[in-house]
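S.K.: Show me the folded form of this:
(chains A and B)
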2 protein chains.
Amino acid sequence: MAARTKGIEGNMLIAQSGGPTAVINQSLVGAVLEAMKHKSIRNIYGALHGIKGILGENLIDLKRESRATLQAVAGTPSSALGSVRRKPTPADCAAIFKVLAKYDVRYFFYIGGNDSAETTHIINEEAKKAKYQLRCFHICKTIDNDLRQNDHTPGFGSAARFVAQAFMGDNLDNAALGGVKINVVMGRHAGFLTAAAALARQDEEDGPHLVYLPERPFSLEKFVADVKAVHDRIGRCVVAVSEGIADEKGTPVVTLAATAKEVDSHGNVQLSGTGALGDILAQAIKAGTGITRVRADTFGYLQRSFAGCVSAVDAKEAFGVGAAAVKEAVSGNKDGSIAIKRRKGPKYAVEFVRVPLRSVAKETRHMPDSFINKAGNHVTQAFLDYAAPIVGKLPKIGKFKRIPVAKK
Amino acid sequence: MAARTKGIEGNMLIAQSGGPTAVINQSLVGAVLEAMKHKSIRNIYGALHGIKGILGENLIDLKRESRATLQAVAGTPSSALGSVRRKPTPADCAAIFKVLAKYDVRYFFYIGGNDSAETTHIINEEAKKAKYQLRCFHICKTIDNDLRQNDHTPGFGSAARFVAQAFMGDNLDNAALGGVKINVVMGRHAGFLTAAAALARQDEEDGPHLVYLPERPFSLEKFVADVKAVHDRIGRCVVAVSEGIADEKGTPVVTLAATAKEVDSHGNVQLSGTGALGDILAQAIKAGTGITRVRADTFGYLQRSFAGCVSAVDAKEAFGVGAAAVKEAVSGNKDGSIAIKRRKGPKYAVEFVRVPLRSVAKETRHMPDSFINKAGNHVTQAFLDYAAPIVGKLPKIGKFKRIPVAKK
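M.R.: The predicted structure follows:
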């Protein structure tokens, strides 16, 4: 049964951008399945590798994918249409608009982070300038959880779940063998994902015992002293560190390494896909404390794409955001970004709200002060209360009471 | 109902050793629950941190743990009794035997790898020398899958499952953004775990496209050429590399890094808990091919302890091996190690067989030649057939048919 649609008929184009997430295809399929309900949307095109696919006119016909395939893709991590890291120039945006017009696209959806919201905004402005009715929507996603207007973003819950499960196991590994374990978590400017490590804790003795976020200046001396204090007290220490930690001057700690720096088209130094930061921190602990067993792991890309570690809430919301964008687009000559707002009240519930593209673009948000402890080396209960429902119920951990046998 | 037991009555002591696994507590709880059925086993002691706990007489009373706790612990990763990396001297083994005798221990179980089998053997010899009836059993575990006599070892299936799921997602991540992705997998001398990455492949285009195992000498030149060939063909490349790869002379590739080496009490260079090898390989690709997007992740400790990624077959078998050890021990004055043998026939089935302690101790086993391709850069179908039932059914991956839209 096709719902009635106000106004323009034409084709739809959808694309994915930026770092993949475990649920980015839920948003894609949510939008496609919703679009199939509306007669005003004729063809449903998917552009391969984001704006690169639009510029190169590499489009696929999503209406010719079976429902079974769509459902299987929804449950599959990483961008099924391919992704792109390219930030379009104003000339690119003008060219993109021309392709959209050529293919009679009237419904445009771009799944991505704040850069994608900005891209969507510029394309929207091009359409307005040309007096071409184009309903432009940004569909939010990012494991960094750093989009303005959003209580949280699709992709964060599943990545946070991976981080929490990793720390649950790694804390027990560290408890079994002792020493210091440092885990480097993704998050260039926002510490939400690193903070999610704290969800792993079931009692006071559990790690992570220390959590370092990019929202607070990082001091190597303070770090070594913090670790030593925990190790002196309990004989071990598990640390969560954001890849983006920087010193007082804003210099990323990873640049202390002598390795060649790689800078992407956004001017960002490469942080992921290298073990450099973990190794720097481990060396600092060894040199500064004399503790011999010090290990560092960098979670890397597993955090965002691991197959089989998904928050059910995150998956459902990601689908819902995609579907909501299409519902809004067919309901009138609108544009915007679909944001997740949390309802007030004791029970967790969200709603999807259309907000201006500009209000999500460019700047990002950070961990609020209320989520970070005073010492700047852990999270607060307020953060745990915020993140727990998004991540969902974690695996159960069993521990012995350890009733000692009297020594003979 | 207590089963009848032949011979000696006394206490039982059980301990865990070496690197934790996701199912090492299944073996512990399997042994404890079986022991509770037998009247000849009076107290059930757990030693904290392996032989260190025995030497220090740090024992806990496992009969005072509730059944609910035992069941929860069974499903929890990493050694619940704590572990140890210490290789005992002959003097240590003599001291251990004295503690066992002092606590009237007649049933001794040590869960671990080949070093633990050797320790169990030496303690057994001490008991024989003293004409003290001690039923000594080794309960096999290792994610490396390198114990002789075993078709496979408890812990491998779950670690292999983690590796396979990681590669399933990471292959899609690489497909979305392109470039070269190198993942460093645990396995100092045996390549089984690295080889498990190949289970992630669902079609010819899927990664890992290249798999490097410690069983074959590693050449940096050949590696760069292999990666370039794949990248030239499909525009991307996913590589699985064992942490233990070494050159023709046997020099570990990781030692090419300028970082300080750490050597453990077994004389092993530290391979895990550092991103050095991945960074060396990524630099080699960048320098040798001109490909700009090259990333390396080191899976690290997540492989063996991640909470919530367990092979059901592995969990069941780990429990069964622990229970089988106790069954054997109460059935007569025996000693040995419980090995997993695969039954012949089209359907996957195993049995638990008692083998001599010495036959598992010391030397380890490697990937047979039939599991490695001729070029030495991938696995064969024989390996996939071998590993698939141990790892279990993997998450379903959905992919679009990608029917192109005609260009205008």
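
S.K.: Residue numbers of the stretch 151-300 of chain A in contact with chain B?
M.R.: A:165-166, A:168-170, A:172-173, A:175-177, A:181, A:200, A:259-260, A:262, A:272-276, A:278-279, A:282-283, A:292, A:294-300 (Cβ under 8 Å from any Cβ of the partner chain). Glycine gets a C-beta too; all of them are placed from N, C-alpha and C.

S.K.: if you set the cut-off to 6 Å instead, what comes out?
M.R.: Within the stretch 151-300 of chain A, the residues that sit near chain B (Cβ under 6 Å from any Cβ of the partner chain) are A:165-166, A:168-170, A:172-173, A:176-177, A:273-275, A:278-279, A:295-298, A:300.

S.K.: What about those, which are in helices?
M.R.: In helices, defined here by DSSP state H, the members of those are A:165-166, A:168-170, A:172-173, A:176-177, A:278-279.

S.K.: And the strands in the stretch 151-300 of chain A?
M.R.: Here the stretch 151-300 of chain A has its strands, by DSSP state E, counting those that start in this stretch, at A:179-185, A:210-212, A:236-242, A:294-298.

S.K.: returning to that earlier point: mind picking the lowest-pLDDT entry from the ones in helices among the residues of the stretch 151-300 of chain A next to chain B?
M.R.: Least confident entry in these, by pLDDT: A:Asp279, with 86.

S.K.: what about that residue, neighbour count?
M.R.: 24 (other Cβ atoms under 10 Å in any protein chain shown).

S.K.: quick one: it and B:Val241, what's the gap?
M.R.: Relative to B:Val241, A:Asp279 is positioned 17 Å away (Cβ to Cβ, to the nearest Å).

S.K.: Look up how far A:Ala160 lies from the spatially closest residue to A:Ala312 that is not a sequence neighbour.
M.R.: Closest residue to A:Ala312 apart from its sequence neighbours, by Cβ to Cβ, 6 or more residues apart in numbering or on different chains: A:Gly392 at 5.6 Å. Distance, A:Gly392 to A:Ala160, by Cβ to Cβ: 10 Å.

S.K.: Mean pLDDT, distance to B:Gly187 and mean neighbour count added to the strands of the stretch 151-300 of chain A, as CSV?
M.R.: Rendered in CSV, the data for the strands of the stretch 151-300 of chain A read as follows (pLDDT from 0 to 100; distance: least, Cβ to Cβ, whole Å; neighbours: other Cβ atoms under 10 Å in any protein chain shown):
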stretch, mean pLDDT, distance to B:Gly187, mean neighbour count
strand A:179-185, 97, 20, 27
strand A:210-212, 98, 30, 25
strand A:236-242, 98, 24, 27
strand A:294-298, 94, 16, 26
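
S.K.: would you turn those strands into TSV with distance to A:Val350?
M.R.: Putting the strands of the stretch 151-300 of chain A into TSV (distance: least, Cβ to Cβ, whole Å) gives the following:
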stretch	distance to A:Val350
strand A:179-185	24
strand A:210-212	26
strand A:236-242	26
strand A:294-298	32
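
S.K.: Figure out which of those strands is closest to B:Thr119.
M.R.: strand A:179-185 (21.7 Å; Cβ to Cβ).

S.K.: ranges for the helices of chain A?
M.R.: Using DSSP H, helices in chain A cover A:24-35, A:50-55, A:67-74, A:90-102, A:114-129, A:156-177, A:192-195, A:220-234, A:276-289, A:302-305, A:312-330, A:381-391.

S.K.: Tabulate the ones you listed (TSV), appending distance to B:Ile139.
M.R.: Below are those laid out as TSV (distance: least, Cβ to Cβ, whole Å):
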stretch	distance to B:Ile139
helix A:24-35	43
helix A:50-55	52
helix A:67-74	40
helix A:90-102	62
helix A:114-129	53
helix A:156-177	16
helix A:192-195	37
helix A:220-234	29
helix A:276-289	33
helix A:302-305	30
helix A:312-330	36
helix A:381-391	35
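
S.K.: how many neighbours does A:Lys401 have?
M.R.: Per other Cβ under 10 Å, the neighbour tally for A:Lys401 reads 10.

S.K.: Model confidence for it, exactly?
M.R.: The model's pLDDT for A:Lys401 equals 96.

S.K.: how close does A:Ser219 get to chain B?
M.R.: A:Ser219 sits at a distance of 23 Å from chain B (criterion: Cβ to the nearest Cβ, to the nearest Å).

S.K.: which non-adjacent residue is nearest that residue?
M.R.: Of all residues not flanking A:Ser219 in the chain, A:Asp247 sits nearest, at 6.9 Å (Cβ to Cβ, 6+ apart).

S.K.: Please tell me how far that neighbour sits from A:Val224.
M.R.: Between A:Asp247 and A:Val224 the computed distance is 14 Å (Cβ to Cβ).

S.K.: So the two - more neighbours on which side?
M.R.: A:Val224 (18 against 14).

S.K.: my guess is that one meets A:Gly288, correct?
M.R.: Yes - counting by Cβ atoms under 6 Å, A:Val224 touches A:Gly288, with 3.8 Å between them.

S.K.: Centre-most residue in chain A?
M.R.: In chain A, the residue lying closest to the centroid (Cα atoms, centre = their mean) is A:Ile143, at 0.8 Å.
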